[in-house]
Each structure stands twice: as structure tokens, then as C-alpha cells.
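Enquirer: Just a sequence and a predicted model for now, questions to come.
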Amino acid sequence: MSAVNLQTSVAGVALSSYLMNASGPKCTTAEELNIIGHSQAAAIVTKSCTFEARQGNPEPRYRDLPLGSIQSMGLPNLGYQAYLDMVPSLKAMGKPVVISISGFSIAENRTMVTAFQQSDADLLEVNFSCPNIPGKPQIAYDFEQTEAALSQLCQLGDKPIGIKLAPYFDMSHFESMAAIIKRYPVKFITCVNSIGNTLVIDPETESPVIKPKGGYGGLCGDYIKPIGLANVRAFRQLLGDDMGIIGVGGIKTGSDAFEYLLAGADAVQIATCFEKEGPSCFQRIEQELSDFMAKKGYQQLSDAKGKLKAL
Ligand code: SIN
């Protein structure tokens, strides 16, 4: 039991603590989702589903790195119908269910969002930012496509729709994306996906460390924490307090989670640390966050949320 009250909410959905898994590692099969359901994670987030089941990219497609990982999984998943069928058993584990959806066209996303709108899932996170599908650019870097998609996906039902964004690196991009988001009833954003199309080379073998796309893959873990923090902070400032914001990128300790809280995140997702450490990471990080905040005299998340101090 935490000394500090870590209860939070995203888009009106109550969460028993600040941490959940990210749509990424170990959340593809019913067995993996069952493990998350029995962990301390505050929600169950599914692997991004596509219209049809996918094997994903050729292996090797994941490599641990000293400060994180590089991966080009290529959205291996069971196909959306399997996750739709799983919703009742996931809900039976007693925590919110977040469905990640990653269609290859607006029409596919419409079909999948419509189907999950009629399910008992709690939040729908539409992934606009997978960098790993050959020939499919990340929608989140194409502002016209983003707007076209949002104009069709936000009115398909009452469940909160959110989008998983790519990392942005320029203030003008934060502003352009925030202006688009404000025009639609987007209820939450998840920032950030991996930094796409990075290249890690093994000088011994003189080759990339992963196979797909000639070695280009999404960089994750500690390397991207400052980028995740900047994206959460910028969008919090541009979108205001009512926007649900889930932070992701390089969280492996309670103080990492606390930094995301200061930047303004309502909750955080854990990817690489969950991949490397397994489900015990949720309880450990939650305890560390609670201890860290208690030492500072905080009693609840709102005492520090978004309250990054100016130098
Ligand atoms: C993948 O399956 O390639 C990673 C998912 C993502 O980057 O959204």
C-alpha cells in the first residue's frame, strides 16, 4: 500500500496508480495480457492491433542496448478480432482496458474503432506513430493525414479516443499538432512512441544489430527520456489541464516517473523496463515513486503534477 495516494485518471477513467504497460512489449497474447492483469499495472494495454493478424518483421528485430533498446517489431499481433473477443476476459481482471489500434488506412481504423466502441474497453489509443512498417510513413509526422484521420475517428462512439504520437523536436511541430488536436474531441494523447529510424551498428560484425529495414529501428529506453519529457511538457502547456496525457519513454525508476509528473503527465506507460525486468517493475516503480514523493512531503499526485519549477 502506497503512503502517497497515486490514484489518477485519464480521460475520466480512474486508475489505481500512476503506471501501466505501454503498447509494445509482452502485451500481444492472452497469456501476456493475463500477466499484466495480475501485476500492479493500473491498466491493461494491448499490443497495437491491425485489421489482419501479423507475424511482424523478420528477426532479429529487437536488441537490448546499454541504455535501452532498439526494435523494429513490425506490429506482430493477433488481429483486431482476437482482441475484441478478449475484452470480456481482460475486463474480468478488474482494471481498465486500453486497446491500441494501428490500422494501415483510415478505413481500417474506422472499422476497428467502431468495433471497439461497441465493446467494454475503457480507452482507445489509436497509434499514429509506428515507425517500423516498410512503405508506411508515420501518420503523426503528416499533419494533413492526422487531421483527415481525426475527422473520421473521433465521432464513432462515446468511448474516449486518444492518439499515440511520435516524438517531435521542433516547437513549430508541437504547435501545429496541438492546433489539430484542439479541433477534434481527442480525449488523451500518449507521448512518445520510440524515436523512429535510428541505426545501431555493431563494429565487430560490421552490420546493424537488427535486420528489418536494413537496420533502421525505433530507439527506446533511457536514450529517449528527455524527448518524452519535452513532448509531455510542451503538449501540457499547449493543450491545457483538461487533456489527458500519458507519458512514455525511459521510465525505469520512481524518480523517472516523478519527472514525467512534473512535466504534466496524468499517468505513465512502461515499455523497455517491462521488457527487461518483467511485471515486477510496476510494483517496484510505484513503491519508489511513493517513497520519493513522501520524502518530499507530497501526499498525492496533484501536489506536483505539471509543477515544474522555473530556474
Ligand atoms: C512495432 O511493433 O513495430 C512497434 C510498435 C510501434 O512502434 O508503435
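Expert: Received, thanks.

Enquirer: In contact with Val97, which residues?
Expert: Residues near Val97 by C-beta atoms under 8 Å, 6 or more residues apart in numbering: Ala43, Ile44, Thr46, Val87, Leu90, Lys91, Asp120, Ala121, Asp122, Leu123. Quick note: C-beta positions are derived from backbone N, CA and C, even for glycine.

Enquirer: Now the last one. Nearest residue, chain neighbours left out?
Expert: Okay, so that is Leu123. Val98 (4.5 Å; C-beta to C-beta, 6 or more residues apart in numbering).

Enquirer: List only those of the contacts of Val97 flagged as buried.
Expert: Ala43, Ile44, Thr46, Val87, Leu90, Lys91, Ala121, Asp122, Leu123 (16 or more other C-beta atoms under 10 Å).

Enquirer: Same list, the residues you listed, but as a markdown table with secondary structure and pLDDT please.
Expert: Output for the buried ones among the contacts of Val97, formatted as a markdown table (DSSP: H, G, I helix; E, B strand; the rest coil; pLDDT from 0 to 100):
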| residue | secondary structure | pLDDT |
| --- | --- | --- |
| Ala43 | coil | 99 |
| Ile44 | strand | 99 |
| Thr46 | coil | 99 |
| Val87 | helix | 98 |
| Leu90 | helix | 98 |
| Lys91 | helix | 98 |
| Ala121 | coil | 98 |
| Asp122 | coil | 98 |
| Leu123 | strand | 99 |
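
Enquirer: May I ask you to confirm that Ser89 is in contact with Ala30?
Expert: Yes: at 7.2 Å, Ser89 counts as touching Ala30 under the criterion of C-beta atoms under 8 Å.

Enquirer: Near the residue nearest to Leu123, how many residues? Count them for me, please.
Expert: Residues lying near Val98 (other C-beta atoms under 10 Å) number 29.

Enquirer: Just read off the phi/psi values of it.
Expert: Per-residue torsions, Val98: phi -110, psi 120 (degrees, to the nearest 10).

Enquirer: For it, give its distance to the ligand.
Expert: 14 Å (C-beta to the nearest ligand atom, to the nearest Å).

Enquirer: contacting residues around that residue?
Expert: Contacts of Val98 by C-beta under 8 Å, 6+ apart are Met20, Ser23, Ala43, Ile44, Val45, Thr46, Ala121, Asp122, Leu123, Leu124, Glu125.

Enquirer: Which strand residues bridge it?
Expert: Val45, Leu123 (DSSP bridges).
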